[in-house]
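1. got a sequence here, can you build the structure:
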Amino acid sequence: MQVFIDVLEKILVYVVEICTVGLEFAGIVVLVSSAFVCFFRWLKRDRENIRLDLAQGIALSLEFKMGGEVLRTVVVREWSELGILGAIILLRAALTFLIHWEIKNEKNELRNRPE
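-> Numbers count the residues shown, from 1 in each chain. Got it, this is the predicted structure:
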């Protein structure tokens with residue numbers, strides 16, 4: 001029975017690692033693609049809502065990366081690792097909160113801007 005549990009634990013660790021890398025990669029893809037799109041829009045002088053679009057891309061990227069960190073807590077073995085992961089999650093959550101606040105302010109500014 002213990003051998004079966006050990007095998008299941010190893011499978012769980014591999015699945016979590018693969019999913020974590022997938023989420024981290026998705027976050028990177030979202031961040032880089034939104035940055036490129038916004039940069040090329042900036043070059044073409046299509047600057048309307050560019051800050052808002054970039055902020056939304058960054059926020060979505062952080063959500064993916066935070067999901068990867070939360071998933072990583074499943075396989076943590078030591079309290080020191082959990083503390084480090086907790087600090088990373090708190091920092092990313094704070095960044096996400098600030099970016100969402102900036103998005104809200106930018107939307108309000110766009111609504112109140114005279115046409």
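
2. can we go C-alpha only for contacts and neighbour counts from here?
-> Fine.

3. give me the below-cutoff pLDDT ranges for this protein.
-> For the chain, applying pLDDT under 70 flags the ranges 115.

4. remind me, longest helix of it?
-> helix 2-43 (DSSP state H).

5. so how far is that helix from its chain's centroid?
-> On the basis of CA atoms, centre = their mean, to the nearest Å, helix 2-43 sits 10 Å off its chain's mean C-alpha point.

6. pull out the buried positions in stretch 73-82.
-> residue 82 (16 or more other CA atoms under 10 Å).

7. and for that stretch, what's in contact with it?
-> Defining contact as CA atoms under 8 Å, 6 or more residues apart in numbering, one finds that stretch 73-82 is touched by 13, 16, 85.

8. and if you look at stretch 19-39?
-> Outside stretch 19-39, the residues that reach it (CA under 8 Å, 6+ apart) are 50, 53-54, 57-58, 60-65, 67-69, 71-72.

9. any buried residues in that stretch, and which?
-> Quick answer for stretch 19-39 (16+ other CA under 10 Å): 19-21, 23-28, 30-31, 34-35, 38-39.

10. what's the answer for stretch 57-72, then?
-> 57-69, 71-72.

11. and for it, what's in contact with it?
-> For stretch 57-72, the external contacting residues (CA under 8 Å, 6+ apart) are 16-17, 19-21, 23-24, 26-31, 34-35, 85, 88-89, 92-93, 96, 99-100.

12. if we use 6 Å, what do you get?
-> 20, 23-24, 27, 30-31, 34, 96 (CA atoms under 6 Å, 6 or more residues apart in numbering).

13. just the CA atoms of that stretch, as CSV, please.
-> Output of stretch 57-72 as CSV, limited to C-alpha atoms (Å, rounded to 0.1, in the frame of the first residue of the first chain):
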residue,chain,number,x,y,z
GLY,A,57,-2.4,42.5,-20.2
ILE,A,58,-0.1,42.9,-17.2
ALA,A,59,-2.9,42.1,-14.8
LEU,A,60,-3.9,38.9,-16.7
SER,A,61,-0.3,37.9,-16.9
LEU,A,62,0.0,38.3,-13.1
GLU,A,63,-3.1,36.2,-12.6
PHE,A,64,-1.6,33.3,-14.5
LYS,A,65,1.7,33.6,-12.6
MET,A,66,-0.1,33.8,-9.3
GLY,A,67,-2.1,30.7,-10.2
GLY,A,68,1.2,28.9,-10.8
GLU,A,69,2.5,30.0,-7.4
VAL,A,70,-0.7,28.9,-5.6
LEU,A,71,-0.5,25.5,-7.4
ARG,A,72,3.2,25.2,-6.3
